[in-house]
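In: Show me how the following folds:
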Amino acid sequence: MPTLQSTRNPQYIMPSLPRFILIFFFLSLALQGQAAEKVVTIFILAGQSNMEGHGRIAGNQKGTLESLLRDPATASRYRHLHANGNWITRKDVWISWLGRSGNLGVGGWAAKGAIGPELGFGWTVGDQIEEPILLLKFGPGGTSLAGPWRPPSAGPHRTGKPRGQGIGDQFDNLVSSVKQRLKNLESEFPSLAGYRPHLAGFGWHQGWNDGCSKVDSVEYESNLAHLIRDMRNELNSPQLPFVIAGSGFGGWDQKVDRRLMIMKAQEAVTGYDEFKETTRYIETRGFFRDGPISPRPIRYHWCCNAETYWLIGEHMGHAMVELLGGRKAPGIPGSQPN
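Out: All right, here's what the predicted structure looks like:
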């Protein structure tokens, strides 16, 4: 279990004891501290291109990260990401993405010139968990839960295609990749030599491709439940916390039935008796910023709005900390239609 940052400064009252007992007591504490095991807390972030991330960093358009820093209405929320003319890199949060690894910062861990949910998520859990953090990110674009992410227990695909040919290959790749990294942490992440890996949670942001098909939309709830069960089984973590960010493209004005079915399914799974204590759904429709106030009018990539991607990651992080026994997640802005 990760060590969560305390919001209090507890006061320890030491009773009156002989000096030699006090000396022995403090020496024991010191030796325990020296022998304490070093742990790195690991989170998996997975999905399709919106987990990859397309929130634009540079530019004067509304919704870029640079414009958010310049706008007095939003600057205070993002000032912590920038200092002395440079974007800040966290020394306590590592990330692995597309065969590369390093410390988490702005850019380099999403689409070119962009951020994804990893930034807000990593910053939030990094601020609230004492141990160093490692994010293992998987976000291949254009991948459906019914197809490439298909969990084994969901059964054969309706087309009859065998597993491994666009069916289940992303699921299988993630499992094998995570197992390899947990086993070979020191060789893959030399900066974490001497640390024991602890897999602490799984973040999921996906759904566009399934929402393009009525059949896949109908099947989504069942497939997502199978995904949670199978991931926990494959990774030998039967209570692994899951945070699911909804596919809220289009915001509260979204009326396409398939899109609404995906969001309903994502939320419904977190209410199952077997999952309700270990999963959370993040309502994202209030994070949508349409084309006129975003860098690009590409709704399926959240209009490339950096604020949207930050908010998704930030609130996924808050929910994850709460699931791990930390402070209660704050309310989600725009979680109800106006």
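
In: Just the helices from the protein, written as ranges.
Out: Ranges of helices in the chain, per DSSP state H, are 19-35, 49-52, 65-70, 75-78, 117-128, 169-183, 185-188, 214-234, 257-269, 306-323.

In: Let's have those in TSV, adding mean neighbour count and mean pLDDT.
Out: For glycine as for every other residue, the C-beta is placed from the backbone atoms N, C-alpha and C. Output for the helices of the chain, formatted as TSV (neighbours: other CB atoms under 10 Å; pLDDT from 0 to 100):
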stretch	mean neighbour count	mean pLDDT
helix 19-35	10	52
helix 49-52	24	96
helix 65-70	18	97
helix 75-78	14	95
helix 117-128	25	98
helix 169-183	17	96
helix 185-188	14	90
helix 214-234	19	98
helix 257-269	19	98
helix 306-323	26	98
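
In: for those, which one sits closest to Gly291?
Out: Among the helices of the chain, helix 306-323 comes nearest to Gly291, with 12.3 Å by CB to CB.

In: okay, that closest one in PDB with CA atoms only?
Out: Extracted C-alpha coordinates of helix 306-323, given in PDB (Å, rounded to 0.1, in the frame of the first residue of the first chain):
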ATOM      1  CA  ALA A 306      -4.900  21.000 -23.000                       C
ATOM      2  CA  GLU A 307      -7.100  22.000 -20.100                       C
ATOM      3  CA  THR A 308      -9.400  19.100 -20.900                       C
ATOM      4  CA  TYR A 309      -6.600  16.500 -20.800                       C
ATOM      5  CA  TRP A 310      -5.200  18.000 -17.600                       C
ATOM      6  CA  LEU A 311      -8.600  17.900 -15.900                       C
ATOM      7  CA  ILE A 312      -9.100  14.300 -17.000                       C
ATOM      8  CA  GLY A 313      -5.800  13.200 -15.600                       C
ATOM      9  CA  GLU A 314      -6.100  15.300 -12.500                       C
ATOM     10  CA  HIS A 315      -9.400  13.900 -11.500                       C
ATOM     11  CA  MET A 316      -8.400  10.300 -12.300                       C
ATOM     12  CA  GLY A 317      -5.500  10.900  -9.900                       C
ATOM     13  CA  HIS A 318      -7.700  12.200  -7.100                       C
ATOM     14  CA  ALA A 319     -10.000   9.200  -7.500                       C
ATOM     15  CA  MET A 320      -7.100   6.800  -7.400                       C
ATOM     16  CA  VAL A 321      -5.700   8.400  -4.200                       C
ATOM     17  CA  GLU A 322      -9.100   8.100  -2.600                       C
ATOM     18  CA  LEU A 323      -9.400   4.400  -3.600                       C
END
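
In: and it, how far from the chain's centre?
Out: On the basis of CA atoms, centre = their mean, to the nearest Å, helix 306-323 is displaced by 7 Å from the centre of the chain it belongs to.

In: Which elements pack onto that helix?
Out: Applying 3 or more CB pairs under 8 Å, 6 or more residues apart in numbering; DSSP states H and E, one finds that helix 306-323 contacts strand 55-56, helix 65-70, strand 114-115, helix 117-128, strand 196-205, strand 242-245, strand 279-282.

In: Compute the inter-axis angle for that helix and strand 196-205.
Out: Helix 306-323 and strand 196-205 are oriented at 130 degrees to each other (axes from the mean of the first three to the mean of the last three CA atoms, to 10 degrees).

In: returning to that earlier point: make CSV out of the helices and strands packed on helix 306-323 and add distance to Gly251.
Out: Formatted as CSV, the helices and strands packed on helix 306-323 follow (distance: least, CB to CB, whole Å):
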stretch, distance to Gly251
strand 55-56, 16
helix 65-70, 18
strand 114-115, 20
helix 117-128, 17
strand 196-205, 16
strand 242-245, 14
strand 279-282, 14
